[in-house]
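Chemist: Predicted model, plus sequence, below.
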Amino acid sequence: MTANANIVKFNVMKMTSLNISLPKSMRDFVEGEVSEGGYSTPSEYVRSLLREERKRKAERELEAFLLAGLKSGEPVEVTPAFWDEKRSELLARRRAEGR
């Protein structure tokens, strides 16, 4: 075991501020969600909502890519030999381009 084996690294994001205006009913709703949902601040609650929306958007994009793939033509069986051939083609193309 190395000397650094017990060091935990954290990905720290620099925070910036964004001020928004809300009607009182929405502010009350957010504050209720904070107290009932176990969030420590309204900012934490909003960050959670944004992460969830980012995840939903990524899932929609993935689904669109998958549907496009299904509509792209005849299916191809992907085997280790298929990947070996693709890898060889890519390496040959890179050599031809001088990379």
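Modeler: Right, received. Where do you want to start? Because the structure is predicted, anything quoted here is derived from the model rather than measured. Numbers count the residues shown, from 1 in each chain.

Chemist: Which of the helices or strands spans residue 92?
Modeler: Using DSSP states H and E, residue 92 sits in helix 80-96.

Chemist: which residues sit against that helix?
Modeler: Applying Cβ atoms under 8 Å, 6 or more residues apart in numbering, the contact partners of helix 80-96 are residue 76. C-beta coordinates here come from the backbone N, C-alpha and C atoms, glycine included.

Chemist: repeat that with 10 Å
Modeler: 76, 78, 79, 99 (Cβ atoms under 10 Å, 6 or more residues apart in numbering).

Chemist: same thing with stretch 15-25?
Modeler: Here stretch 15-25 has contacts from 26, 27, 28, 29, 30, 42, 43, 46, 47, using Cβ under 10 Å, 6+ apart.

Chemist: I'd like to know which of those residues are buried.
Modeler: Burial by neighbour count, judged by 16 or more other Cβ atoms under 10 Å, picks out 30, 46 from these.

Chemist: Export the contacts of stretch 15-25 as TSV, with columns for pLDDT and secondary structure.
Modeler: Below are the contacts of stretch 15-25 laid out as TSV (pLDDT from 0 to 100; DSSP: H, G, I helix; E, B strand; the rest coil):
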residue	pLDDT	secondary structure
26	97	helix
27	97	helix
28	97	helix
29	97	helix
30	97	helix
42	96	helix
43	95	helix
46	96	helix
47	96	helix
